[in-house]
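**Student:** Sequence first, predicted coordinates after that:
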Amino acid sequence: MGSIKTIKAACFCFVLVFIVLSVGFPAEAADKENCLMCHRYRFVGRIDENGKRHNYHVDEKSYNGSVHRNVPCRDCHTYITKIPHDPITEEVNCANICHIKPPFSQEKFSHQKIIDIYNGSVHAIKPEDPDEARKAKPYCKYCHLNEKYTRVSEERIAYEETLSRCLNCHQEKGVTQAYMHMTHRLRKKTTRSPQEIVQLCAKCHQDIELMKKLKVSEKALTAVETYNRTLHGKSVALGSQETADCVSCHASSVIHDIYKKDNPESTVYKDNLNQTCHHCHSKANSWFVKIAVHPSTKHEENPFIYIASIGLRFALYGSVFSLVGLMLFETYGRRKDGIKFLLRHGTSWRGKSKRQPK
C-alpha cells in the first residue's frame, strides 16, 4: 500500500514539474513593443536617394546589456506612430522624458539638465551656425557609444563589503550596476581612459581643414600637436592613467561645460586656472598657472621656447654628429695603422698596429 502511494506521489510531482516547465515563467522583455522582430536581422536597412546604404540592425544581446535596455524604443524614437513605420526623417532628441523612473525618485528620467549645459557649451549647435558647422559639431551620440556597464576596480572603496550592505534591502538586479556606476564617478570624471579621451577629441581637433571651417583661433588649430609635445601628452602616450587629458582641464565634473577660454565660466579662463590646476597640482599658484599648457614654438608667440628649442636641437644633433665623426676618425686611424675591421670571433678589430712603440 505504501509503495502505491509513493508511486502516485512521484507521478504527481512529475506531472507538476512538466506543467511548470511547459508553461514557463513570465520574463520582462527589454523590447516591449517587439521592434526587434525586424531590427534583429543583420542586414536590415535601406539605400537612400544618394545611393548610401543605411544598416538598421540592432544586436539583441548588446541591446539587452546596454544602459538603455529598459528604455522602450519609442521613448527615444517618438516620431514613430505606426508599425511598420515610414522612413526615418528626424534625429533622436536625447532630452526626451523617458517612461522609466530611477531608484528613489518619483519623476520620470530625462537628460534635459545635461542638454541645457551642453547647449551653452562651445560644442553646441547655434542658430547662426552655417551648415558645415552644424554637421561638424559633436552631438550626444558622437561621444556616447551606449557602452555596457563594466566593473571598475575601485582602490579607495571596499566594493564587496559596501555592496553587501545595499543588498540587505535592495534586489541585486539593477542595484549592482548602479552602485558600480556611482562609485566609479566618485573618483573619475569619465568612464574612458586618458588615452581614449585624447583620441576622441583629436578626431576633430587635429583635422586642420575642419577646424578652419569652424573658424577657430590660430592657437586652437595646433592644440593637439602642442598637447602631444608636452609632458602631459607624452605621459598619456606612454600609458599613464593619472595624467591630465583634454577633459581634465577643459571641463568640470559636469563634463559637458566646455567653453571658450575667454568665457568667465570656462575652467581655463585666466581667473579659474588656479582652481583647475589644483585638482592635480596641490601647490599650484599664480606663477605655476603661467606655464604654457599648449606651448607654441613660433618666435612671435613664445620667443623663449623658440630659442630654447633651437639650442636643444643644436645640442642633440651636435652630439650625434660629433660622436659619428669621432668614430669615423678613429676608424680611419686604425686602418692606417694596419688594424683590420672584421665582424667575427667577438671583436671587430684584428691585427697589430704598424706604429712602433717609443
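**Tutor:** Structure's in. What do you need?
**Student:** CA atoms for contacts and neighbours, from now on please.
**Tutor:** Fine.
**Student:** How about the secondary structure of Glu301?
**Tutor:** The three-state label for Glu301, taken from DSSP: H, G, I helix; E, B strand; the rest coil, comes out as coil.
**Student:** how about the strands of the protein, start to end?
**Tutor:** Counting by DSSP state E, one finds strands in the chain at the ranges 45-47, 53-55, 340-344, 347-350.
**Student:** What is the second one packed up against?
**Tutor:** Spelled out, that is strand 53-55. Where contact means 3 or more Cα pairs under 8 Å, 6 or more residues apart in numbering; DSSP states H and E, strand 53-55 is packed against strand 45-47.
**Student:** Quick check: can you name the pairing partners of the strand it packs on and their directions?
**Tutor:** strand 53-55 (antiparallel) (DSSP bridges).
**Student:** How about residues contacting the strand it pairs with?
**Tutor:** Phe43, Val44, Gly45, Arg46, Ile47, Asp48 (Cα atoms under 8 Å, 6 or more residues apart in numbering).
**Student:** quick check, nearest of the residues you listed to Asn96?
**Tutor:** Checking the contacts of strand 53-55 against Asn96 with Cα to Cα, the nearest one is Gly45 at 25.2 Å.
**Student:** what about that closest one, distance to His54?
**Tutor:** Gly45 sits at a distance of 5 Å from His54 (criterion: Cα to Cα, to the nearest Å).
**Student:** Show me the two of the contacts of strand 53-55 that sit farthest apart.
**Tutor:** Greatest spatial distance among the contacts of strand 53-55 (Cα to Cα): Phe43 and Asp48, at 15.0 Å.
**Student:** any idea how far Asp86 is from Lys32?
**Tutor:** Lys32 is 20 Å from Asp86, where distance means Cα to Cα.
**Student:** and Lys298, what does it touch?
**Tutor:** Going by Cα under 8 Å, 6+ apart, the list of residues near Lys298 reads Tyr306.
**Student:** and if you look at Cys73?
**Tutor:** If a contact means Cα under 8 Å, 6+ apart, then Cys73 has Asp31, Glu33, Cys35 as its contacts.
**Student:** Sort out which of the residues you listed are buried, if you could.
**Tutor:** Buried members of those, counted by 16 or more other Cα atoms under 10 Å: Asp31.
**Student:** I'd like to know which helix or strand in the chain has the lowest mean pLDDT.
**Tutor:** Using mean pLDDT, DSSP states H and E, helix 2-23 stands out as the lowest-scoring helix or strand of the chain, at a mean of 53.
**Student:** which stretches of the protein have low pLDDT?
**Tutor:** Applying pLDDT under 70 to the predicted model, the residue ranges of the chain that meet it are 1-30, 103-105, 146-163, 165, 168-188, 299, 341-351, 353-358.
**Student:** pull the CA atoms of stretch 96-115 into CSV?
**Tutor:** Extracted as CSV, the C-alpha positions of stretch 96-115 are listed here (Å, rounded to 0.1, in the frame of the first residue of the first chain):
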residue,chain,number,x,y,z
ASN,A,96,13.1,63.4,-24.2
ILE,A,97,11.5,62.3,-20.9
CYS,A,98,11.6,58.6,-20.5
HIS,A,99,8.9,56.4,-19.1
ILE,A,100,11.2,54.8,-16.6
LYS,A,101,11.8,56.2,-13.1
PRO,A,102,15.3,56.0,-11.5
PRO,A,103,15.6,54.4,-8.0
PHE,A,104,14.4,56.6,-5.1
SER,A,105,12.8,59.1,-7.5
GLN,A,106,9.1,59.8,-8.3
GLU,A,107,10.0,61.7,-11.5
LYS,A,108,10.5,60.2,-14.9
PHE,A,109,14.1,60.3,-16.1
SER,A,110,15.4,62.9,-18.6
HIS,A,111,18.8,64.1,-19.8
GLN,A,112,17.4,67.6,-20.0
LYS,A,113,19.7,69.1,-17.4
ILE,A,114,22.8,67.8,-19.2
ILE,A,115,21.4,69.0,-22.5
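**Student:** Now do the buried residues in that stretch.
**Tutor:** Residues of stretch 96-115 classed as buried by neighbour count (16+ other Cα under 10 Å): Ile97, Cys98, Ser110, Ile115.
**Student:** now the residues you listed as CSV including distance to Tyr227?
**Tutor:** Rendered in CSV, the data for the buried residues of stretch 96-115 read as follows (distance: Cα to Cα, whole Å):
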residue, distance to Tyr227
Ile97, 39
Cys98, 40
Ser110, 35
Ile115, 28
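**Student:** which of the residues you listed lies closest to Lys212?
**Tutor:** Nearest to Lys212 among the buried residues of stretch 96-115 is Ile115, at 26.3 Å by Cα to Cα.
**Student:** wait, that closest one sits on Ala95?
**Tutor:** Yes - here Ile115 lies in contact with Ala95, judged by Cα atoms under 8 Å, at a distance of 6.3 Å.
**Student:** Tell me how many other residues surround the residue lying closest to Asn272 once chain neighbours are set aside.
**Tutor:** Distances taken as Cα to Cα, 6 or more residues apart in numbering place Ser266 nearest to Asn272, at 7.4 Å, with adjacent residues excluded. For Ser266, the neighbour count with other Cα atoms under 10 Å is 22.
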